[in-house]
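J.: Give me a 3D structure for the following:
(2 chains)
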Amino acid sequence: MNPDWIDIGLVRDVPFRGSRIVSTGNGDIAIFKAFDGKVFALWDKCPHKGGPLSQGIVNGHSVTCPLHNWVVALDTGDVKGPDKGCARKVELMIDDGRIYMAAATLKRDAA
Amino acid sequence: MASKLVIIGNGMAPGRMLEHLFELAPNSHDVTIFNAEPRVNYNRLMLSPVLSGEKTYEDIITHGDDWYAQNSVTLHKGKKIAKIDRAAKTVTAEDGTEAAYDKLVIATGSSPFIIPIPGKDLPGVVTYRDLDDVEKMLAAAKHGGSAVVIGGGLLGLEAAAGLHARGMDVTILHLMPTLMERQLDPAAAHLLQQAIEKRGMKVMLKANTHAIVGDGKVEGVRLDDGTLLPASLVVMVVGIRPASALAKDAGIEVNRGILANDQLITSDPDVFALGECVEHRTGIYGLVAPLYEMARTIAEVLAGQVAAYTGSVMSTKLKVTGIDLYSGGDFAEAQDREEIVLRDASRGVYKRLVIKDNKIIGIVMYGDTSDGPWFFDKLKKGEDISEQREMLIFGQAYAGGTPLDPTAAVAALPPDAEICGCNGICKSKITDAIAAKKLTSIDEVRAHTKASASCGSCTGLVEKLLVISLGDGYKPNAILPMCPCTDLGHGEVRRLIVAEGFKNIQELMQQLEWKTSCGCAKCRPALNYYMVSNWPGEYVDDNQSRFINERVHANIQKDGTFSVVPRMWGGMTSAKELRAIADVADKFAIPAVKVTGGQRIDLLGVKKEDLPAVWSDLNAAGMVSGAAYAKGLRTVKTCVGTDWCRFGTQDSTGLGIKLEKFMWGSWTPAKLKMAVSGCPRNCAEATCKDIGVICVDSGYDIHFAGAAGLDIKGTQVLTHVDTEEEALEMIVALTQLYREQGYYLERIYKWAARVGIDSVRQNIVDDATKRKAYFDKFAFSQKFAQIDPWRLRASGHEAHEFMPMRAFPKRIAAE
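T.: Down below sits the predicted model:
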């Protein structure tokens, strides 16, 4: 197995227009699956007040934070509309129906 | 002397390559082709019309025997190459036929992907790649019976339609939630599915095949959920794999496909790769247009020209007669993109252009695809469309000329132009009515002419006619749209849900011409509520359209933890319940326990993953969800009434409990809080609730439309009743009226102000028959609503909501 990528589970285990989380010692990572099956990952913290983005409503390729309705783009983590900010993006690789997360994600955050 | 060119494979790409080569450099090469299929070159794209019977094999031959003879091409039919010897520069077929080459083109194409499930090798399981497959399918179709097509992509649907045309009963299984998800967005996919189902084929989405069953031959397909579909033919069309084994065995570099550079040259400078077996700049292509571009490049390189293939954007057209579908480019949503969407519900037309930096980058069309190639041309050329933007979506016929003022366009329509298709109303009928009857509003036009009174999609046209007729005299009533996804207001959408019988959010968005492809966080929860409340037992609740609190049946707090509030009927509890709550608080280290304003207890700071276990323990003590998170019935606050109080006039606690037990679980437009006070001293504060009861000696005063939140408002008296039964019926009927008329998130006092107290009284108080009907409707919908969501989830329902996919301990994270 390639040491740069960590297997975190199956694409089919993430609900469409929904999300699952991966917990790390340094906070949660939200794994989203959009209506079209595309998978994205962001650190599970809204740039506004740290709300858990994984709990928001997923529309198109964005998620609405459950705390104060900020809208965050899933592909970049950028906040849409008049608000400003950026949620941190996590690199993923999808292979054969499995989701792999960049191993550096865990290390980088600890550094 | 001509150089020796050997081609392995005789698909469409090599055929095209040779045409170019013979044109550019006639007689420059001595060509030998090895074809594993025992045939000449035919148009693989046309297999579907052959399957459906619209064409024959002869019709789709592109190069017949005489073409090969004319061009002195040696064609070995039915000879499969077994080995390439790069050192000796020869290829050898399975039967020993050998040929030497100066240049070799590998065009082995692709092989269909076979799902590794039990029964995949049974006779009667076929793929859909070549004429042999078509012949097998045709043989099976002769006997009629049922066919299952696994795979709802382009080819799968074509195969299904062909078999259906040949008289088979066809079911399409598709793993994804929408058909052709790689080529279509959900809106277009929905239209496609409707059209397919209308023709009599069955579509099962999110269907995972478990096994193909049968004794010696196919008898059926079993799904993961246990469903067994009988079938005498199973067609597997779930994707392709580049056929790269031959190249790999010869030591040529291979990844997913045979690696080739911009000249389509592989790691061996004398070997080209062409077609579906190629991996070029990480891309693998299965559609014909890019393969033709590759073919041209190789021909040019062989002819000694400078040429490069730099990758392709692709477009797709579904070849099923009567279904028009076109897609091309990249049509996913992203932040830096805009979209132009045209929906024409009555004609079943959907067009969507995805725009980035004033250029078209994606196209999805359904119903009317005539402008597809025109748009695709702009896409490929990267044309700046800002000048044409206003009219672009209407296509070539309109975008060329000067942009029309939309009102002027309507003014220019002839008097007999049809405006309202539903009711067959033409322009002059409307303008005549406006003039003769001095109409000044949309509602009046609707009342007198019926124009725009059915589906409402021509409302804009009718409004423009009012503007043209009245000029500044027309003041449109300001309808506040639900959200930026639509121009329709809540009232209009609700009316249409009932009138048109919408029971599916995607269908509604299509028919009502939503401007976004799948709504937003404002409209989706509203639509979900309207459908849940209108179609009890029929509409399937869309969990992903609910706010997190209603999705996980707890209230999210600022730190992402949740609060849990069990029901305490009428505010009554017991030592047993309190003990259970205390035990739960200890067991799960719940940091805060608070008494709420609604006479119950709030456990704050519960971790999401603990929720099911917390609920399980509370359930075990007989408690259910208090729905403290719901746009639905919250609490019924009571005082102790005649049980204990020396002033009590009625059993206010008992009535409160009866109300709560009858009404819990119901969804309402906004939260619904109630109270029952046992005497006019009003200890339960019933006169600032959504619905309140003040007990008096002679019976019960029913109050409603109070508020004690953003607004402070005393209730209004709806009526007085004599008995508990009447009070219950009155309150339930009132709630049902509110459920049917209230806009999503509109509290009862705002609803009452909007519709008027008199209208509420007329429906609920003055008319006993109507009251009974409203009561009955509520009671019916409760059959489906009174299921404790906690018990469901404590027993494992939607467990994925609560468990991380994977958890990394801190230790690893800190490495």
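
J.: Now the spatially most central residue of chain B: closest residue in space, sequence neighbours ignored.
T.: Central residue of chain B (Cα atoms, centre = their mean): B:P186, 4.1 Å from the mean position. The shortest distance from B:P186 to any non-neighbouring residue, by Cβ to Cβ, 6 or more residues apart in numbering or on different chains, is to B:T178 (4.9 Å). C-beta coordinates here come from the backbone N, C-alpha and C atoms, glycine included.

J.: ok, the one you found - how many residues close by?
T.: B:T178 has 23 neighbours, counted by other Cβ atoms under 10 Å in any protein chain shown.

J.: circling back to that earlier point, what about the residue nearest to the centre of chain B, distance to B:D583?
T.: Distance of B:P186 to B:D583, given as Cβ to Cβ, to the nearest Å: 46 Å.

J.: can you check A:H48 too?
T.: Applying Cβ to Cβ, the value for A:H48 to B:D583 is 37 Å.

J.: Apart from its chain neighbours, what residue comes closest to residue 90?
T.: Using chain A. Nearest to A:V90 is A:A41, by Cβ to Cβ, 6+ apart, at 3.8 Å.

J.: not what I meant, chain B
T.: Nearest to B:T90 is B:A100, by Cβ to Cβ, 6+ apart, at 5.0 Å.

J.: Can you pull the phi/psi pair for the residue of chain A found nearest chain B?
T.: Residue nearest to chain B within chain A (Cβ to the nearest Cβ): A:G25, separated by 2.8 Å. The phi/psi pair for A:G25 (degrees, to the nearest 10) reads phi -60, psi -10.

J.: Surely it and B:A807 touch.
T.: No - A:G25 is not in contact with B:A807 according to Cβ atoms under 8 Å; the separation is 9.3 Å.

J.: Just the pLDDT at the spatially most central residue of chain A, thanks.
T.: The residue lying closest to the centre of chain A (Cα atoms, centre = their mean) is A:A41, at 2.4 Å. For A:A41, the pLDDT comes out at 95.

J.: show me what contacts it?
T.: Shown in contact with A:A41 (Cβ atoms under 8 Å, 6 or more residues apart in numbering or on different chains): A:22, A:29-32, A:89-92, A:101.

J.: ditto for A:K33
T.: Residues near A:K33 by Cβ under 8 Å, 6+ apart: A:11, A:14-19, A:39-40, A:58.

J.: how about the closest residue to it other than its chain neighbours, phi and psi?
T.: Leaving aside its sequence neighbours, A:K33 sits nearest to A:V14 (Cβ to Cβ, 6+ apart; 4.1 Å). As for A:V14, its main-chain torsions (degrees, to the nearest 10) stand at phi -100, psi 130.

J.: Hmm, A:V14 is touching A:I31, no?
T.: Yes - if you go by Cβ under 8 Å, A:V14 and A:I31 touch, sitting 5.6 Å apart.

J.: shared neighbours of these two, which are they?
T.: A:20, A:39, A:99, B:805.

J.: So which of those residues is the closest to B:K198?
T.: Distance to B:K198 across those (Cβ to Cβ) is lowest for A:V39, with 33.0 Å.

J.: Tell me how many other residues surround that closest one.
T.: Neighbour count for A:V39, taken as other Cβ under 10 Å: 16.

J.: same deal with the one 4 residues further on?
T.: Counted by other Cβ under 10 Å, the residues lying close to A:W43 total 20.

J.: residues contacting it?
T.: Neighbouring residues of A:W43 by Cβ under 8 Å, 6+ apart: A:27-30, A:87-88, A:90.

J.: Find the nearest non-adjacent residue to A:I99, please.
T.: Spatial nearest neighbour of A:I99, excluding adjacent residues (Cβ to Cβ, 6+ apart): A:I8 at 5.2 Å.

J.: What of A:V39?
T.: Of all residues not flanking A:V39 in the chain, A:K33 sits nearest, at 5.3 Å (Cβ to Cβ, 6+ apart).

J.: Over to A:A34?
T.: For A:A34, ignoring the flanking residues on the chain, the nearest one in space by Cβ to Cβ, 6+ apart is A:H61 at 5.4 Å.

J.: confidence score at that neighbour?
T.: 91.

J.: And B:Q599, how far from B:M482?
T.: Distance from B:Q599 to B:M482, by Cβ to Cβ: 35 Å.

J.: quick one: which of the two has more around it?
T.: Neighbour comparison, B:Q599 and B:M482: the larger count goes to B:M482, with 24 against 20 (by other Cβ under 10 Å).

J.: Quickly find the element holding the more buried one.
T.: Using DSSP states H and E, B:M482 falls within no helix or strand.

J.: Test my guess that A:S23 contacts B:F808.
T.: Yes - using Cβ under 8 Å, A:S23 is in contact with B:F808, at 6.8 Å.

J.: Could you report the pLDDT at B:D405?
T.: Confidence at B:D405, expressed as pLDDT, is 62.

J.: OK, contacts around residue 39?
T.: I'll assume chain A. By Cβ under 8 Å, 6+ apart, the contact list for A:V39 reads A:11, A:14, A:31-33, A:92, A:94, A:99.

J.: Chain B is the one I meant
T.: Contact partners of B:R39, counting by Cβ under 8 Å, 6+ apart, are B:10, B:77, B:131.

J.: go on, B:V221?
T.: For B:V221, the contact set (Cβ under 8 Å, 6+ apart) comprises B:148, B:150, B:173, B:209, B:211-213, B:228-229, B:231, B:234.

J.: so it sits in a strand?
T.: Yes - B:V221 forms part of a strand when assessed by DSSP: H, G, I helix; E, B strand; the rest coil.

J.: Quick check: beta-bridge partners of it?
T.: B:I212, B:L229 (DSSP bridges).

J.: So it versus chain A, what's the distance?
T.: For B:V221, the distance to chain A (Cβ to the nearest Cβ, to the nearest Å) stands at 19 Å.

J.: In three-state terms, label the residue nearest to B:F272 when sequence neighbours are not counted for me.
T.: If the residues on either side of it in the chain are set aside, B:F272 comes closest to B:V105, at 4.6 Å by Cβ to Cβ, 6+ apart. Look at B:V105: counting by three-state DSSP, its state is strand.

J.: Repeat that for B:C683.
T.: When classified by three-state DSSP, B:C683 comes out as coil.

J.: What is the burial count for it?
T.: B:C683 has 18 neighbours, counted by other Cβ under 10 Å.

J.: swap in B:D559?
T.: Neighbour tally, B:D559, other Cβ under 10 Å: 12.

J.: Would you list the phi and psi of it?
T.: Torsion angles at B:D559 (phi, psi; degrees, to the nearest 10) stand at phi -100, psi 10.

J.: what's near enough to touch it?
T.: A:50, B:605 are the contacts of B:D559 under Cβ under 8 Å, 6+ apart.

J.: No further questions, thank you.
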